[in-house]
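Visitor: here is my input, please return the structure:
(chains A, B, C, D and E, ligands or ions: 4)
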Amino acid sequence: MAGLARYIAIRALLIIPTILILYTVVFIILRVIPGNPVEAVLGTHYVPPEVIKEEMHRLGLDKPLYVQYFDYLWRVLHGDFGESMVVRGRPIAADLKYRIPATIELITAGFLVSVLLGIGTGTLAAVKRGSRLDYAMRIYGIATYTLFIPWVGTLLILLFSVHLHWLPAGGRLSASVSLHRITGIYTLDALITGNWAAFADALKHLVLPAFTLGLVLSGPYTRLVRTNLSDVLQSDFIRMYRSRGLPEGKVLRYALRNALIPVVTYMGLQIAILMGGAVLTETTFSWPGLGSYLYQRISMRDYMAIQGTIVVFAFIVGIVSLLVDITYALIDPRIRY
Amino acid sequence: MPAGEILVVEGLKKYFVKGGGFLGGPRRVIKAVDGVSFTLRKGETIGLVGESGSGKTTTGRLVLRLLEPDAGRILFEGVDITHLPESKLRPMRPRMQMIYQDPYWSLNPRKPVGEAIAEPLIVHRLASRSEARERALELLERVGLTPPEDFYWRIPAQLSGGQRQRVVIARAMILKPELLVADEPVSMVDVSMRAEILRLLKDFQREYGLAMIFITHDLSVARLVADRIMVMYLGRIVEAGPAEEVLRDPRHPYTAALITAAPSVRRRRRRRYEIRGEIADPSNIPPGCRFHPRCPRATERCSREEPSLAEAGDGRLVACHNPLPRGWLAKWLEGEGQAPEA
Amino acid sequence: MALLEIRDLRVYYYTLLGAVRAVDGVSLEVERGEWVGVVGESGSGKSTLALAIMRLVPPPGRIAGGSIVFDGVDLTRLSEGEMRRIRGRRIGMVFQDPMASLDPVRRIGDQIGDVFLEHGVASSREEARRLAGEALEMAGLPRDWVDRYPHQLSGGQRQRALIAGAVALKPELLIADEPTTALDVIVQAKIMDLIEELKRELGMTVILITHDISLAAERSTRIAVMYAGKLVEYGPVDAVVEDPLHPYTRGLLESAPDLWGEKRLKGIPGYPPDLRRPPRGCRFHPRCPVAMEKCREEEPPLVRVGDRLVACHRALMRR
Amino acid sequence: MAGESRRARILAGLAAPFRGPGRGLFTAGFIIVMVFVVMAIFAPWIAPYGPTERSVPLKLAAEPQPPSWGHPMGTFQLGYDVFSRIVWGSRVVLYVVALSAILSMIIGVPLGLVSGYYGGALDRALSMVMDSIYAFPGIVLAIAVASVLGPSPSNAAISLSVVYVPTFYRMVRGQTLEIRESLYVEAARALGFPDRVTLLGHILPNVAPTTLVVFGLAATDAILTEAGLAFFGLTVSYPQPDWGLDLRMAMKDILNGVWWTTFFPGLAITLLALGFALMGEGFSERYAIRTER
Amino acid sequence: YYYHGKAAKTTTTSPTATATGTPTGATSKTQTTSSTPAKTSTSPATSPAATTAKGKGVVVIGVTDKITDLDPANAYDFFTWEVLSNVMSGLVKYDPDTGKIVGDLATSWEVKDNGKVWIFHLRHDARFADGTPCTAQNVVWSIERVMRIKGDPSWLVTQFVQNVTALDKYTVKFVLKTPASYFLALVATPPYFPVSPHYPPDKIASDATWGGCGPYMIAKWVRDEVLVLKPNPYYYGPKPKNTEVVIKFYSSSEALRAALESGDIDIAWRTLNPDDIKAFQHMPGYKVIEVPGLFIRYVVIKVDAPPTNNKLVRQALAAAVNRPEIAELVYHGTVEPLYSLVPKGLWSHIDAFKKYGDGNIQLARKLLQEAGYSETHKLHVVLWYTPTHYGSTEAQLAAVLKQEWEKTGMIEVTVRSSEWAQFVNQLRSGQFMLSLLGWYPDYLDPDDYLTPFLMSTANGWTGTGYKNATVDKLLQEAEVLTNQTARAQIYVKVQQILAEDVPYIPLVQGKLYLVTSSKVVSLKVSPLMFLIYSSIQVQS
Ligand SMILES: Nc1ncnc2c1ncn2[C@@H]1O[C@H](COP(=O)(O)OP(=O)(O)OP(=O)(O)O)[C@@H](O)[C@H]1O
Ligand SMILES: Nc1ncnc2c1ncn2[C@@H]1O[C@H](COP(=O)(O)OP(=O)(O)OP(=O)(O)O)[C@@H](O)[C@H]1O
Ligand SMILES: [Mg+2]
Ligand SMILES: [Mg+2]
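Guide: Ligands and ions are numbered 1, 2, ... in the order given. The predicted structure is shown next:
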């Protein structure tokens, strides 16, 4: 177990360079952006130039780039993401704190949907390998991946919100519903407080975005499970199980257990795609998460907000890949750490 | 260096380090080759025999400088090539060639086999493109892939295992090398095909005056081609000598075990010289004599002191504190008495 | 009555490019207590034959005809459920590659334990594990290795664990498909000893599949030689080895290097046929040194010659 | 003789994806992609209206008009013909995607080859950077870069290349590492071949099919990312036609039950992406190449 | 002397904003508020809004706007000002019924020194939400705080006010830098509002909820999610007609619309899509209320670089524009054509651009020919817009303009866009030949629609490069005049010059729309287009 602890510690350390690199890339990109954030905020209102200058000074934007680079880094290390340039005096950390749970709720739900759909379809395909069903599932695996999220989203809204009136077209919670915010993950908060009305409402809001995201991202799982499982089903040890008279159901269970190990690795890669998909999903469904926040702030040139969000994204990527590694190490006895 | 010696190897070592570092898990040092010395004369074939993991392939690759040795010396034609930089080594490479165990993966899967055979001539500017093609066609015919035009443009996937191995041989031979390391060239070839491959190798050897290190785990194959046999165990040579003598009169208990364990149609249900267990993990070599935990003749000394490869008369070398007495095997196989105790 | 009686068995793989006739009209009987060695080149259909007996031929393969009568019951007619009760309990099987034949993510004990639970011998996991420990011991491994994972074992040890699982319920028939090809000679000899010992102790019948005729010859009572999906010769080991009737058997014997045999090696020229389009007549005729006109035209039947079966026009003429 | 065979081999190589396993998928994808390519090339002849031409009387232009004989896919608000804009829009999409895929291939493949073959500090640094970028949501990165450069098709292509260079790099590097350890590369060394010959003659040809598969994957992905960029208005400025942008502009229509203004542009995006995906899939099946996605 | 009436003299009559159920397109000038039933209303039973259960007297308003900063020292956007106007009181305010500036905290005021000194007399019963009395000291402290913090809107104070002092507990005195005829309009803006003494004296408190002494206090504030207002128990004025105002924030107009349809909100305020507004007009159970707008849209033309430095070219562009078509195609009639920079309804407005007509291709072609262009030698122009800042219709506005100009057959238009931040930057540095902009006034006076655009020392931000000494002089004159009629004359003259020189092409004047469920029976909007929360009454 000490081995595992060491392994986790080292993996955790390895997140740092990843975050640093991304931060650097983003920093460079942002600083070559033409456009002055201060002017952008003031917009068409008349503002004397010295006010702009003063504001730039206050925000530290007149310092040399490398100073800004390290200044910000230093502050982030202390949990301070700086102040918004658009909303003066507003700490970015507060915005992030509000939005992170929304994104986490969405991507977790999307993730679950994609994994369940993927494992289901992939298993079907592998078990019925070569059949028409297998072919259909293969097409499913390819085609879902090529769906454009806003398109799927609008079609679902058209069907379930506009025509059937079953589900809301956007947002996270109805105004009529009150919910005590604890974690910010509404379904969870509702459960914690035993607020069933809010739970149902939050879930209703979650269904379409999560399904959209999950459907689109389930394809790779389908394909992965299909190939892995049919490999495993052809492997010698499966024959060994069969030769000992084990029923097919049990054999399939053991096979899945082997086939899903590589799928776990993929989950780590998936996080990037999941978050990318979340940006589009959030926009389509007016979901107040990090993705839509980032997009908004990019157009406002709110450097601090963009930097902060990217660092958080990088953290999420890092933490998820760490979790995946740990899961992997735990479920595969062959891994030595 | 005495005339006629093409290769002299002294105290060769190669340790692989696995793991350690950042995420690698526990650090393990695999002593794949752990002090190997031998000489090879021109036109001679040495059979290098041993169990899986004993370091045969590693030795072969070291000798051709496809791996960097950690210790020891390699003299090729009197030239010390142990630390020769690759640029200096490259012109010498055509003179020493290697044939691999797996004929599929030693051929570029996308290159037509004829091109693969011709390529060395072209790269080393030993022939023009068209001359090289001519030579390649000749060699294809020579190794029995007829009609050669038919085979020239095939890719390896379109050939059977035996045919591929012929291509590999042809490619090595087009450069007329002086030294050949053949790493289990027939172990992945179907039984019925083996004779043909071995015959080809021997023919080329005779023709070019090749010296050859023939690596195999199968003593009965070694017997067919080798003038001398060296038995390797866990990175060391434990016994060496003229082929027939080593096989008929093994002095090291390990050699005896190998010989008596080989199945034979001629001698069915023969007696077996039994040893314990399986070969150790090369990252965890036992102290003293590395064979002692499995040895029926081991004494207390064996667990302390590593025996060195010493002369045992008649050009025989044995690394054992208690070698088996001379000429015991024949009698023992006839069922006379117990295996001699230490 | 023979323990196993195979009649005119045909197993085809129905691929997109045509049916591969991997086993094409094989008849063979195995008496109780025998040790039958099945030899042949790669691709001659040995494994397919073994899998057919277990009714485990993978798709697109199918048993296309013939019967497999085991202890008076035609296995080809059993339901899947009935067949399952025979697998592992009355017929055990050991596979070629011990590295791949164990589930890498489950403990050895659990994998062996399955067989006890499945056939109702053990009623709890604990009991199954205890019995698995005993099985391991029987195969020469420590009892407490039930907790180990396959990757913690060496090749020979894994093969022992596999054998332990295969014989755990003391089956009447053990089919071993090249159990030692991946192992070194010394370990190979020990595994063979183990199978022999178990055979004696449990009164099993053994079918050993190998491409190494020396290995087959060593302990078998009878040898079956396969070529291109056909049984070409079958008979007592001494007779077959000393006086092979079929030219292919002779070729195999002469191309096997033998530490104690001649220091000369012969091969069999040519390559085995494509089993989708086997040659007309005798399948061996393109490679046969003594082929006659008739061999090109007419497929030789498998004929009993003394205590042997052989499928060769030339051999029949000789008698 | 040899020359002829070589030509035959090249032809056979080109025809290879249409034969053997995966040919059905490949051919289907190929047809889909070709349909769009033809559409882009012959847009002026195929599209009944110009991309910004009011195709209905003024009084109908204020509202999207449902599909009809004259307008098989209906019209957008302002009276633009949906079908025509899809036809014209294919030009932008294909231009951006082709340019970005080629750019990222040109940069990613050589870097991956050299990095994987020589290893060392450069390799470690480069992999670290590439892996970090790869682990980051592509569309977010593309949005960031594209909004720096401003909306234009070429800029969108550059932004997409930033995202896909790591994809090519990683795949090629991984393959190179694997092939470098393979016996036939050692064999090349044993034969005394210089690095150049090994790299270009032995490693590159074996990496090439993978590169093509990655190309298919990256193109698929790039189409979707391009649509995403267009969706956020980062490829062209409206009223220039681009599918993603049209979809975005029409999203407000759905609440009024107007489906055709979003449905058809979205369908075009998905179909074209599907075309490339099928080609990639067919190709990878043909050459038995496994991919991460 | 210090009468309410005095105020009337120095300030404006403004377009009166009222709530009416309006038939499509028709601007109603009715002064009546509220209770006019929507023309299309139906029984509440079919309204989805009726299905949600809320507390009695609770009003839920949905917006896509954001509250940037609850601190008036830094807030500088429409919606935040609206909220601040409802939770705080200023010295004066606009009367929603008459549109005139009337006293609020101040009961009366005097102007001295030719408009350089202003003295306000405060009422004695004003209190903050926690019961603390609101005195002259609070007023002075708050305004000085704004001047000290130098937040975004602080120039509205610092540009004009020399100093501010409390003469006694209930008297405040301003000394201005120069006389400003429209000072009362300035005093009605949030930077002049007294804030609770809890605010930090020299720091912005973006999420502060202490508020001021207006009709409401902030009960709950979750950024980007919800703002809940409860009546200020100490408010001196009439009690609000509701017991609670909940403001919900939506990220898109689609979501806002959906929220109204599902009954999540009672009122959808800024900003629904024109399509949605149109849809609601036909939907039973909803009322669409039109608010005449102060918001104007126009094209900025760069006059100091070719080809648009040619007046003929500019006039041609102005002539080709078809405003009714734009209003219909792009905005579905939710805006009105605008023929001047001064919006219709504000005093001194004239339809200066009417002389070019609408979509006057003939004239445009003639002017272009005069300028030397032809069908073969086309005028190439680039039109810039910004895609999100003015809503998603902006791209369509650009598209329609392109169409209209190209209709002349002698113009080729390239449309380009860039994100707001960059747009503003490029705009200021004069990089755009033609660009689309909008303007919302800081204070309600024609001056705020002309000086920032035409005064050469003040119009740098538009990048037009327009400079006309006559205009500069006229505008300066008007600023210090206190006689409205005299000022109006000057502004008319300026508008005529504007139409002649065409540095801008006015396009449309925004109307704002409120869509409410039929449960909402009355509401009022102030002349600044702020929704007056206390006027909203709902039926349960
Ligand atoms: N490149 C390498 N990196 C790490 N370990 C290696 C490497 N090559 C060989 N080894 C290890 O060195 C030991 C000797 O390997 P080698 O291949 O030389 O044995 P061998 O005698 O050829 O065995 P075989 O009969 O299986 O081919 C083995 O334990 C092997 O795992
Ligand atoms: N799943 C399959 N699909 C198609 N053909 C198959 C399949 N499995 C085996 N075959 C073919 O059937 C023939 C017999 O195969 P089988 O594995 O039984 O031979 P074998 O004698 O066991 O060979 P080896 O010594 O290589 O194990 C071969 O030609 C093989 O190519
Ligand atoms: Mg080896
Ligand atoms: Mg087999």
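
Visitor: give me phi/psi at C:Thr232?
Guide: One correction, residue C:232 is Val, not Thr. As for C:Val232, its main-chain torsions (degrees, to the nearest 10) stand at phi -100, psi -30.

Visitor: ignore the last one, E:Leu434
Guide: E:Leu434 adopts backbone torsions of phi -130, psi 140, taken as degrees, to the nearest 10.

Visitor: excluding sequence neighbours, find me the nearest residue to it.
Guide: Distance criterion CB to CB, 6 or more residues apart in numbering or on different chains; nearest residue to E:Leu434, sequence neighbours excluded, is E:Leu383 at 4.5 Å. (Each C-beta comes from the backbone N, C-alpha and C, glycine too.)

Visitor: what of C:Asp114?
Guide: Of all residues beyond its chain neighbours, the one nearest C:Asp114 is A:Leu246 (5.9 Å), with distances taken as CB to CB, 6+ apart.

Visitor: what sits against that neighbour?
Guide: With contacts taken as CB atoms under 8 Å, 6 or more residues apart in numbering or on different chains, A:Leu246 has the following neighbours: C:84, C:88, C:114, C:118.

Visitor: buried only: go through those for me.
Guide: Of the members of the contacts of A:Leu246, the ones counted as buried by neighbours, 16 or more other CB atoms under 10 Å in any protein chain shown, are C:84, C:88, C:114, C:118.

Visitor: which of those fall in strands?
Guide: Cross-referencing those against strands under DSSP state E gives no overlap.

Visitor: of all the contacts of A:Leu246, which two lie farthest apart?
Guide: C:Arg84 and C:Asp114 (12.3 Å; CB to CB).

Visitor: what is the burial count for E:Met217?
Guide: When neighbours are counted by other CB atoms under 10 Å in any protein chain shown, E:Met217 registers 23.

Visitor: and it, which of the three is it?
Guide: Here E:Met217 takes the strand state, with states given by DSSP: H, G, I helix; E, B strand; the rest coil.

Visitor: what about the closest residue to it other than its chain neighbours, neighbour count?
Guide: Of all residues not flanking E:Met217 in the chain, E:Ala129 sits nearest, at 3.5 Å (CB to CB, 6+ apart). The tally of other residues near E:Ala129 (other CB under 10 Å) stands at 23.

Visitor: E:Glu110 too?
Guide: By the measure other CB under 10 Å, the count of residues near E:Glu110 is 15.

Visitor: hmm, E:Trp118 and it touching each other?
Guide: Yes. Using CB atoms under 8 Å, E:Glu110 and E:Trp118 qualify as a contacting pair, with a distance of 7.4 Å.

Visitor: and the residue of chain E found nearest chain B, how far from ligand 2?
Guide: Taking CB to the nearest CB as the measure, the point where chain E comes nearest chain B is E:Asp224, at 41.4 Å. For E:Asp224, the distance to ligand 2 equals 60 Å [CB to the nearest ligand atom, to the nearest Å].

Visitor: how much space separates the closest residue in space to that residue that isn't next to it in sequence from B:Ser187?
Guide: Spatial nearest neighbour of E:Asp224, excluding adjacent residues (CB to CB, 6+ apart): E:Phe249 at 5.2 Å. The span separating E:Phe249 from B:Ser187 equals 74 Å under the rule CB to CB, to the nearest Å.

Visitor: just want to know which of those two has more residues nearby.
Guide: Shown here are E:Phe249 and B:Ser187; by other CB under 10 Å, E:Phe249 has more neighbours (21 against 14).

Visitor: and that one, what are its phi and psi?
Guide: On the backbone of E:Phe249 - angles per degrees, to the nearest 10 - the values are phi -100, psi 130.

Visitor: ok, now which ones touch it?
Guide: By CB under 8 Å, 6+ apart, E:Phe249 lies in contact with E:62-67, E:224-227.

Visitor: now the residue nearest to C:Asp114: which helix or strand?
Guide: Under DSSP states H and E, no helix or strand contains A:Leu246.

Visitor: quick one, grab the pLDDT at it.
Guide: Reading off the per-residue confidence, A:Leu246 sits at a pLDDT of 91.

Visitor: measure it to chain E for me?
Guide: From A:Leu246 over to chain E the distance is 53 Å, taken as CB to the nearest CB, to the nearest Å.

Visitor: quick one: low-confidence parts of the chain?
Guide: No chain was given, so I picked chain A. Residue ranges of chain A with pLDDT under 70: A:1-3, A:32-49, A:51, A:86-89, A:175-176, A:299, A:335-337.

Visitor: wrong chain, I was asking about chain E
Guide: E:1-55.

Visitor: looking at it, which strand is longest?
Guide: The longest strand of chain E (DSSP E) is strand E:286-301.

Visitor: any idea how far it is from the chain center?
Guide: 9 Å (CA atoms, centre = their mean, to the nearest Å).

Visitor: cool, stretch C:103-118 as well?
Guide: Between the mean C-alpha location of stretch C:103-118 and the chain-wide mean there is a distance of 24 Å, by CA atoms, centre = their mean.

Visitor: helices of chain C, residue ranges please.
Guide: Along chain C, the stretches classed as helices by DSSP state H are C:46-54, C:80-86, C:108-118, C:125-138, C:155-167, C:185-202, C:213-219, C:237-242, C:247-255, C:293-297, C:313-318.

Visitor: I'd like these as CSV, with mean pLDDT appended.
Guide: Supplementary listing: the helices of chain C in CSV, determined by pLDDT from 0 to 100:
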stretch, mean pLDDT
helix C:46-54, 94
helix C:80-86, 92
helix C:108-118, 92
helix C:125-138, 92
helix C:155-167, 91
helix C:185-202, 92
helix C:213-219, 90
helix C:237-242, 91
helix C:247-255, 91
helix C:293-297, 89
helix C:313-318, 81
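
Visitor: is it possible to get JSON lines of these that adds distance to ligand 2?
Guide: Conversion of the helices of chain C to JSON lines gives the following (distance: least, CB to the nearest ligand atom, whole Å):
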{"stretch": "helix C:46-54", "distance to ligand 2": "3"}
{"stretch": "helix C:80-86", "distance to ligand 2": "20"}
{"stretch": "helix C:108-118", "distance to ligand 2": "23"}
{"stretch": "helix C:125-138", "distance to ligand 2": "27"}
{"stretch": "helix C:155-167", "distance to ligand 2": "16"}
{"stretch": "helix C:185-202", "distance to ligand 2": "16"}
{"stretch": "helix C:213-219", "distance to ligand 2": "12"}
{"stretch": "helix C:237-242", "distance to ligand 2": "18"}
{"stretch": "helix C:247-255", "distance to ligand 2": "13"}
{"stretch": "helix C:293-297", "distance to ligand 2": "22"}
{"stretch": "helix C:313-318", "distance to ligand 2": "22"}
